[in-house]
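Asks: Below are the sequence and a predicted model; questions follow.
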Amino acid sequence: MTVTDRSGDAATSPLAASVGLTDADLLAMYRTLALARAVDERMWILNRAGRIPFVISGQGHEGAQVGLAWPLRHAHDWVAPFYRSIATCLTFGMSARDLMLAQYAKAVDPSSGGRQMPGHYGHASGHIVSVSSPVATQILHAVGIALAAKIRKVDQVAVAIMGEGSSNQGDVHEALNFAAIHKLPFVFIVENNGYAISVPAEKELSVKDVAVRASGYGIPGVVVDGTDVLACYVAGRDAVDRARTGGGPTLIEAKVTRLTAHSSDDQQTKYRSEDDLAEGRAHDPLPIFREQLRGAGILTDEVGAAMAAEIAAIVEDATDHAEAEPDPDPFTAVDHVYAETWPSEAPPPWHPSGPGIAPAGGAH
Ligand SMILES: Cc1ncc(C[n+]2csc(CCOP(=O)(O)OP(=O)(O)O)c2C)c(N)n1
Ligand SMILES: [Mg+2]
């Protein structure tokens with residue numbers, strides 16, 4: 001794991017001061033956005049070159065992902081991400097090498113040792129829960145983690161992230177109801193990109209904003225522009241603070257755009273018009289954040305050029321590293337699938353012929 005360097009000079013422009021950060025913080029955020037985009041673009045090239053089997057992209061979601069994950073404490077809080085969470089994972093401590101090792105399904109891939117579906121990132125020691133293929137199940141995992149954190153009084157916040165289509169699954173109702181009743185330290189993030197594969201939002205939802213559903217659980221629902229990285233940061237910070245201080249869960253809906261097809265196996269020109277695609281490109285968070293930082297005098301040509309060179313080198317290194325790593329041993333393919341030892345012949349304690357269970361707390 002590498003952690004983005006957030007130190008450096010503590011200069012504070014009015015833009016950075018307006019959200020309580022330094023210029024170095026804003027540059028580190030921009031760097032994470034740009035790195036996520038560069039890693040993602042490389043994945044598509046590797047897919048089309050036949051080097052990796054499948055890509056599911058975060059392009060267009062990065063502004064929301066970086067801003068919303070920025071306030072979390074690395075390897076202390078917990079994130080249950082989804083398949084587009086490339087920038088979330090980079091913000092929360094994974095490296096470009098980690099992501100590329102997962103795409104190549106290598107033995108040392110920290111997500112799963114090459115066992116998971118491509119794009120299903122995770123990092124056990126980094127507190128990133130392995131992505132669930134059945135969409136929305138991760139909200140129940142995250143709410144369970146939040147319940148444990150509350151019981152154990154460990155000051156952790158759990159976050160679940162998914163798309164607006166997935167947010168219609170029954171699991172979401174159960175999880176939000178439970179988290180709200182018990183005021184759990186939980187944040188639910190919906191990245192609304194207007195599509196669930198080829199199905200447009202108006203055929204997925206009877207409301208314009210998923211966030212209005214929060215009122216049904218008695219929790220705050222916030223809509224934030226996913227192209228506005230700093231607005232996302234503020235929304236995330238407020239929700240995380242609220243969760244950590246016993247105020248309960250928040251639902252944040254970030255309006256984003258999906259710049260690519262659903263996945264490398266989809267062709268979005270089959271169901272999206274030219275106008276729709278152009279509208280999406282106009283909401284690309286990367287150039288929008290770049291211009292904001294340039295306008296504030298934070299991102300100079302010199303810093304931008306150095307950063308671009310550094311990112312190009314990181315992507316090159318991650319690709320070369322993953323290419324060179326060995327594949328998993330085929331004989332380990334069914335590890336963790338079947339029981340590796342026979343159950344004990346002895347009857348279990350609760351069985352009538354077993355040893356019995358000692359009463360708790362001594363004699364009654
Ligand atoms: C329970 C379940 N149903 C269907 C699928 C197939 N599926 C995978 S991604 C997806 C679309 C989800 O759309 P959305 O939640 O809006 O996320 P997006 O891909 O747009 O970011 C579907 C239907 C699945 N993985 N799990
Ligand atoms: Mg969607």
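Replies: Yep, that arrived. Ligands and ions are numbered 1, 2, ... in the order given.
Asks: where exactly do the helices run in the stretch 101-250 of the chain?
Replies: For the stretch 101-250 of the chain, helices defined by DSSP state H, counting those that start in this stretch occupy the ranges 137-152, 170-181, 229-244.
Asks: so can I have CSV of these showing mean neighbour count, mean pLDDT and distance to residue 119?
Replies: Yep, even glycine has a C-beta here, placed from its N, CA and C like the rest. Output for these, formatted as CSV (neighbours: other CB atoms under 10 Å; pLDDT from 0 to 100; distance: least, CB to CB, whole Å):
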stretch, mean neighbour count, mean pLDDT, distance to residue 119
helix 137-152, 20, 98, 14
helix 170-181, 19, 98, 20
helix 229-244, 22, 98, 22
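Asks: now the ones you listed as a markdown table including distance to residue 325?
Replies: Formatted as a markdown table, the helices of the stretch 101-250 of the chain follow (distance: least, CB to CB, whole Å):
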| stretch | distance to residue 325 |
| --- | --- |
| helix 137-152 | 27 |
| helix 170-181 | 35 |
| helix 229-244 | 33 |
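Asks: residues in contact with the residue in the stretch 151-300 of the chain positioned nearest to ligand 2?
Replies: The stretch 151-300 of the chain approaches ligand 2 most closely through residue 163 (3.5 Å), counting by CB to the ion. Contact partners of residue 163, counting by CB atoms under 8 Å, 6 or more residues apart in numbering, are 82, 84, 135, 190-193, 196.
Asks: can you tell me which of those residues are in strands?
Replies: Here DSSP state E is the test, and those give 190-192, 196 as lying in strands.
Asks: check those against ligand 1, which are close?
Replies: Contacts with ligand 1 are made by residue 196 out of the ones in strands among the contacts of residue 163, judged by CB under 6 Å from any ligand atom.
Asks: for ligand 1, what are the nearby residues on the protein?
Replies: 84, 133-135, 162-166, 193, 195-197, 262.
Asks: Closest to ligand 1 out of those residues?
Replies: residue 163 (2.1 Å; CB to the nearest ligand atom).
Asks: now the closest one, which residues is it bridged with?
Replies: residue 191 (DSSP bridges).
Asks: Could you measure from it over to residue 30?
Replies: 25 Å (CB to CB, to the nearest Å).
Asks: list the contacts for residue 328?
Replies: Counting by CB under 8 Å, 6+ apart, residue 328 has contacts 105-107, 113-115.
Asks: repeat that with 10 Å
Replies: 105-109, 112-115, 335 (CB atoms under 10 Å, 6 or more residues apart in numbering).
Asks: That one: what secondary structure?
Replies: coil (DSSP: H, G, I helix; E, B strand; the rest coil).
Asks: Endpoint to endpoint, stretch 273-286 covers what distance?
Replies: 23 Å (CA to CA, to the nearest Å).
Asks: residues making contact with it?
Replies: 30, 33-34, 36-38, 59-67, 87, 193-195, 200, 225-229, 232, 254-260, 268-269, 272, 287-288, 290.
Asks: Next, the angle helix 229-244 makes with the helix of greatest length in the chain.
Replies: Looking across the chain with DSSP state H, the single longest helix is helix 23-48. Here helix 23-48 runs at an angle of 100 degrees relative to helix 229-244 (axes from the mean of the first three to the mean of the last three CA atoms, to 10 degrees).
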